[in-house]
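Undergrad: return a 3D structure for these sequence lines:
(2 chains)
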Amino acid sequence: MIENIQLNSEGKLKHFLSIDGLNKTLLTEILDIAESFIGMNDQQIKKVPLLRGKTIVNLFFENSTRTRTTFELAAKRLSVDVLSMSIATSSTSKGESLLDTIRNLEAMFVDMFVVRHAISGAAHFIAQHTAPHISVINAGDGQHAHPTQAMLDMFTIRQVKQDFTNLRVAIIGDILHSRVARSQIQALNILGAAEVRVIAPKTLLPSHVESLGVNVSHDLTSGLKDIDVIIMLRLQKERMTSALLPSESEYFKCFGLTEAKLKIAKPDAIVMHPGPINRGVEIDSKVADGPQSVILKQVSNGIAIRMAIMAMAMQKQGAVG
Amino acid sequence: MNQILIKQGQLIDPANNINRIGDVYIAEGKIVSVTHEPAGFKPTTVIDATNKIICPGFIDLSTRLREPGQSRKATFKSEAHAAASAGVTTMCLQPDTNPVIDTPAVAELIKELAEKALYPQIYPIAALTRKLEGTELSSMLSLKQAGCIAVGNAQQAVKNLLILRRAMEYAASHDLLVMFRPNDYWLGNNGCAHEGAVATRYGLPSIPEEAETIALAQCLELVELTGCRMHFGQLSCKRSVIKIFQAKKYGLNISADVAIHQLHLTENDMIPFDSSYHVLPPFRTEEDREYLQQGLASGTLNSICSDHQPHDIDAKLGAFPETEPGVSSLETLLPLMLKLVEQGAITLEQGIAALSENPARVLHLNSGALTVGFAADVCVFDPELSWQVNADNWKSQGINTPFWGQTFKGRVTHTIQAGKMIYSLQ
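TA: Take a look at the predicted model:
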């Protein structure tokens, strides 16, 4: 395997593209730095001058509300100048290539790109072809990775459960198309979770899913036994038209998380969801809004995690510490 | 008159069961002797082949030279030079040009381009169906008369089995060879990597081996039904090799090849998201690769093709699934074959036969051998000469190869096509 392009020669984070290839020390460092930022949410002045004078461009080739907003807020709280571009409707639809878009923005003296793209590998591609001083953070690429989401989920789990070593985590739903699930599975395994279980019909599982280091179940009822953390994934409507599932109602009947099903898991199990939620499709409103749900906590934690990752990736430029 | 003497080389000519030190005498474009000096022979050129191997020129069953339609990727001129430097003296051209090779006019244009590139032995493969769309038959007989050596589907799946049946029946009526890459449209749709652990890990749209094996199984049934002469190209997996083995044993009139890079690389060799590894069919598993090698050694797969697909830089510049598939592979054909010999997977005779005698048999050509009276298509190579795949040595306009920067052993020193020296290493 080649050198990890995410790390510089000193092993520090340069880009943040994927959880794959990072070690426990680095992931823990991200969580710890995020911890130090978390208090800021309650302060009157929610800003530190850590990255003053730096410029970040949010490049969203795919729509997003929460991820983009939390990246923007995270940047602003680090005193970075931030520019958000939705490119789905911008120049690339006029035939401008990905690389031309990047080159043009580079010419405007940018320090970091935060990239979301519908194709797996897009963030890697940009990281490989952008100027050496620029850091790239992957905000989701195709079905490959969504590492900042995975890290904010790890942060939320650690907040509630303190330690990963005894945890059994179930990820439920459309694993096949989920970049979030791939990154979560990698992070949980690196951080030493006791078990990662995926629960889905075969049509929503990648062919060699066991190779990711998970146990597989096709039944929610038996699959939830002994589970400490339940992660629900969003089900896209187009999975019905592509013959992956017969109907939303049958999916909810088999894999929807209801209060009754939740009782099968451990009594102190927490319920997570990367959002946006399809109420009544993958999760019942009573569960989503119930006492075991930490879904909104995940959203707030997203800011601190993204601050931590931005600060660390900028650190290699000598901007911090 | 042009007379060439190649002397004192290791003569390897599998078709004639020859493997000994010897000379080759060429006159009037033909092999005139491999044993003794013919009376009155006065060579205008003498090639000293001491410590080199003299073998038939290579016949490549699947190439793309990108003209007409995509000359930004490559031209006949650039690729003919690359082929000559690789010891290749005959090339079959896949029909997915732009326009598609589905009318005699396009076939004639290709013949003209080949003449202009001073590399006449380029044979177009005609499209099996009009525009390769799989809905109407192409004018196969007219295409044959215009110089097409076979009909084929290039990379396009034929969705409708009734159309495929009729195309095969029609081809059989005119004794046309069908060169087919089995690929189920729906199972292989939009994929860019083998459906395995690597595609799962990197979230890449995947192609199961069943996309190939199911289409192959269907096609084998149709071979029996239609009596069509069929050659399966660029097979990629274990179960395809098994199916070909069984079908041959059963008595079907079929043959099959494998692309050279499939004999060397697997999904695990892919550098994550490196588009130079984006090929169709995709690199599969170690077990598949072993079976492909064994299939070659046992003769189940009788030929090696380059499946040469040169690209411009932009075609490979992007996120992996969005890049164009294919490897520029003419120039690594010989060294990669020699590597198989070095690894003990095949013998040198088998490797040379898979590049000359066997493809000639598939195409019913009177070539691929150093037989007296045959057109003098000869390759002389130095099996010990090392060279690096780099800009100084590379001839193809497409530099899209996963082997870029690597050093190989084995280099062509002279290539003779129909008695004319088309390449000599400077």
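Undergrad: give me the neighbour count for B:Asn71.
TA: In this structure residue B:71 is Ser, not Asn. 15 (other Cβ atoms under 10 Å in any protein chain shown). (C-beta placed from N, C-alpha, C; glycine too.)
Undergrad: now stretch A:21-38: average pLDDT?
TA: Averaging pLDDT along stretch A:21-38 gives 95.
Undergrad: enumerate the positions of it that are buried.
TA: Neighbour counts over stretch A:21-38 (16 or more other Cβ atoms under 10 Å in any protein chain shown) mark A:21-22, A:26-27, A:29-31, A:33-35, A:37-38 as buried.
Undergrad: low-confidence ranges, chain B, go.
TA: Along chain B, segments meeting pLDDT under 70 span B:1.
Undergrad: can you do 90?
TA: Residue ranges of chain B with pLDDT under 90: B:1-2, B:188-190, B:426.
Undergrad: tell me which stretches of it form helices.
TA: Ranges of helices within chain B are B:76-85, B:104-116, B:140-145, B:161-173, B:185-188, B:197-202, B:210-226, B:238-250, B:286-298, B:333-342, B:348-355, B:357-363, based on DSSP state H.
Undergrad: and these: which comes nearest A:Ser9?
TA: Closest to A:Ser9 of those, according to Cβ to Cβ: helix B:197-202, at 24.8 Å.
Undergrad: does that closest one pack against any helices or strands, and if so which?
TA: Using 3 or more Cβ pairs under 8 Å, 6 or more residues apart in numbering or on different chains; DSSP states H and E as the contact criterion, helix B:197-202 has no neighbours among helices and strands.
Undergrad: distance between it and the chain's centre?
TA: Distance, stretch centre to chain centre, for helix B:197-202: 29 Å (Cα atoms, centre = their mean, to the nearest Å).
Undergrad: do the same with stretch A:136-147
TA: With Cα atoms, centre = their mean, you get 8 Å for stretch A:136-147.
Undergrad: so for that stretch, mean pLDDT?
TA: Across stretch A:136-147, pLDDT averages out at 97.
Undergrad: send the alpha carbons of that stretch over as CSV?
TA: Provided in CSV are the C-alpha atoms of stretch A:136-147 (Å, rounded to 0.1, in the frame of the first residue of the first chain):
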residue,chain,number,x,y,z
VAL,A,136,-8.4,19.2,1.8
ILE,A,137,-11.1,18.0,4.1
ASN,A,138,-13.6,15.5,2.9
ALA,A,139,-17.2,16.4,3.7
GLY,A,140,-18.5,13.3,2.0
ASP,A,141,-17.5,11.6,-1.3
GLY,A,142,-19.9,9.3,-3.1
GLN,A,143,-20.2,6.0,-1.2
HIS,A,144,-16.6,6.2,0.0
ALA,A,145,-16.2,8.2,3.2
HIS,A,146,-17.6,10.9,5.4
PRO,A,147,-14.9,11.0,8.1
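Undergrad: which bits of chain A sit near chain B?
TA: Chain A has residues A:2, A:20, A:97-99, A:117, A:119-122, A:124-125, A:129, A:141-145, A:179, A:182, A:206-209, A:211-212 near chain B, with proximity defined as Cβ under 8 Å from any Cβ of the partner chain.
Undergrad: now, those that are in helices?
TA: A:98-99, A:122, A:124-125, A:129, A:179, A:182.
Undergrad: redo these as JSON lines? Include distance to A:Thr221, pLDDT and neighbour count.
TA: JSON lines is the format used below for these (distance: Cβ to Cβ, whole Å; pLDDT from 0 to 100; neighbours: other Cβ atoms under 10 Å in any protein chain shown):
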{"residue": "A:Leu98", "distance to A:Thr221": "45", "pLDDT": "81", "neighbour count": "22"}
{"residue": "A:Leu99", "distance to A:Thr221": "49", "pLDDT": "85", "neighbour count": "15"}
{"residue": "A:Ala122", "distance to A:Thr221": "38", "pLDDT": "94", "neighbour count": "29"}
{"residue": "A:His124", "distance to A:Thr221": "39", "pLDDT": "95", "neighbour count": "26"}
{"residue": "A:Phe125", "distance to A:Thr221": "42", "pLDDT": "94", "neighbour count": "27"}
{"residue": "A:His129", "distance to A:Thr221": "48", "pLDDT": "92", "neighbour count": "15"}
{"residue": "A:Arg179", "distance to A:Thr221": "28", "pLDDT": "96", "neighbour count": "23"}
{"residue": "A:Arg182", "distance to A:Thr221": "25", "pLDDT": "97", "neighbour count": "29"}
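Undergrad: what about B:Ala197, how many neighbours?
TA: Look at B:Ala197: counted by other Cβ under 10 Å, it has 18 neighbours.
Undergrad: my read: it touches B:Glu267, true?
TA: Yes - counting by Cβ atoms under 8 Å, B:Ala197 touches B:Glu267, with 7.4 Å between them.
Undergrad: report the set of residues contacting both of these two.
TA: Shared contacts of B:Ala197 and B:Glu267 (Cβ atoms under 8 Å, 6 or more residues apart in numbering or on different chains): none.
Undergrad: rewinding a little: dump the helices of chain B to TSV, plus distance to A:Ala288.
TA: TSV is the format used below for these (distance: least, Cβ to Cβ, whole Å):
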stretch	distance to A:Ala288
helix B:76-85	60
helix B:104-116	61
helix B:140-145	62
helix B:161-173	48
helix B:185-188	37
helix B:197-202	29
helix B:210-226	39
helix B:238-250	46
helix B:286-298	45
helix B:333-342	57
helix B:348-355	62
helix B:357-363	63
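Undergrad: out of those helices, the one nearest A:Ile303 is which?
TA: Nearest to A:Ile303 among those is helix B:197-202 (28.5 Å), distances taken as Cβ to Cβ.
Undergrad: so what touches that closest one?
TA: Residues from elsewhere that reach helix B:197-202 (Cβ under 8 Å, 6+ apart): A:20, A:120-121, A:144, A:182, A:206-209, A:211-212, B:193, B:204-206, B:267-268, B:270, B:272-273, B:320.
Undergrad: buried subset of the residues you listed?
TA: For these, a burial check counting by 16+ other Cβ under 10 Å picks out A:20, A:120-121, A:144, A:182, A:206-209, A:212, B:193, B:204-206, B:267, B:270, B:272-273, B:320.
Undergrad: the stretch 151-300 of chain A: helices as residue ranges?
TA: In the stretch 151-300 of chain A, the helices defined using DSSP state H, counting those that start in this stretch lie at A:179-190, A:220-223, A:238-241, A:248-255, A:259-262, A:285-288, A:295-315.
Undergrad: weakest of those by average pLDDT?
TA: helix A:238-241 (a mean of 76).
Undergrad: what comes up buried for that helix?
TA: In terms of neighbour count (16+ other Cβ under 10 Å), helix A:238-241 has its buried residues at A:Arg239.
Undergrad: what about the nearest residue to B:Phe76 once chain neighbours are set aside, neighbour count?
TA: Leaving out its chain neighbours, the residue that sits closest to B:Phe76 by Cβ to Cβ, 6 or more residues apart in numbering or on different chains is B:Ala117, at 3.9 Å. Neighbour count for B:Ala117, taken as other Cβ under 10 Å: 20.
Undergrad: my read is that B:Ala117 contacts B:Ala74, right?
TA: No - taking contacts as Cβ under 8 Å, B:Ala117 lies outside contact range of B:Ala74: 11.2 Å.
Undergrad: domains of chain A?
TA: Chain A breaks down into these domains under automatic domain parsing: A:24-145+A:301-315, A:147-299.
Undergrad: end to end, how far does the longest one reach?
TA: Yep, that's domain A:147-299 we're talking about. End-to-end span of domain A:147-299 (Cα to Cα, to the nearest Å): 15 Å.
Undergrad: likewise for stretch B:311-330?
TA: End-to-end distance for stretch B:311-330: 13 Å, by Cα to Cα.
Undergrad: with stretch B:251-260 instead?
TA: End-to-end span of stretch B:251-260 (Cα to Cα): 27 Å.
Undergrad: give the buried residues for it.
TA: So for stretch B:251-260, counting by 16+ other Cβ under 10 Å, buried means B:252, B:254-260.
Undergrad: check stretch A:228-237 too.
TA: A:228-235.
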